[in-house]
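Asker: What shape does this take:
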Amino acid sequence: MPLEHHPLTREFPQQGDVMRKLMQSHPHFPRLAGEYEALDKRIYEIEDGREAADDLTLQGLKLQRVGLKDEIADLLRKAGSA
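Answerer: Predicted coordinates for the structure are as follows:
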């Protein structure tokens with residue numbers, strides 16, 4: 001199976017305008033987005049073999065990414081309906 005990055009622009013393709021707005025106006029969105037992107041990059045590097053980590057660590061990182069994605073999705077939903 002080919003490895004894939006999961007950038008926010010790919011995860012939320014219809015929310016580009018809302019993301020740009022939140023990046024400029026929301027106090028926590030830029031930090032959440034940055035954490036998500038850094039985590040996604042680290043997961044990709046582990047899966048690609050560039051960084052060593054055991055399966056438990058990788059699964060923990062993936063759970064963190066899902067948690068961040070849920071927080072981001074919630075902010076996007078609230079901002080999109082406002």
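Asker: This protein: helices as residue ranges?
Answerer: Taking DSSP state H as the test, the helices found in the chain are 8-11, 16-25, 29-48, 55-81.
Asker: Give me the pLDDT value at Glu4.
Answerer: Looking at Glu4, its pLDDT reads 83.
Asker: Now do stretch 12-30, average pLDDT.
Answerer: 95.
Asker: what do you get for stretch 50-70?
Answerer: 97.
Asker: ranking the helices of the chain by burial, who's on top?
Answerer: The highest mean neighbour count among the helices of the chain, using mean count of other CB atoms under 10 Å, belongs to helix 29-48: a mean of 16. C-beta coordinates here come from the backbone N, C-alpha and C atoms, glycine included.
Asker: Could you list the residues in contact with it?
Answerer: 3-8, 19, 22-23, 51-53, 57-58, 61-62, 64-65, 68-69, 71-72, 75 (CB atoms under 8 Å, 6 or more residues apart in numbering).
Asker: And for stretch 61-69?
Answerer: 6, 11, 32, 35-36, 39-40, 42-43, 46, 53.
Asker: Looking at those, which is nearest Gly80?
Answerer: Closest to Gly80 out of the contacts of stretch 61-69 is Glu11 (14.6 Å), distances taken as CB to CB.
Asker: Now for the closest one: which residues touch it?
Answerer: Lys69.
Asker: any idea how far Gly49 is from it?
Answerer: 24 Å (CB to CB, to the nearest Å).
Asker: again, but for Arg20
Answerer: 34 Å.
Asker: do Lys78 as well
Answerer: Separation of Lys78 from Gly49 (CB to CB): 39 Å.
Asker: same question, Leu75
Answerer: According to CB to CB, Leu75 stands 34 Å off from Gly49.
Asker: same deal with Val18?
Answerer: Going from Val18 to Gly49 by CB to CB gives 36 Å.
Asker: Lys62 too?
Answerer: Taken as CB to CB, the span from Lys62 to Gly49 is 16 Å.
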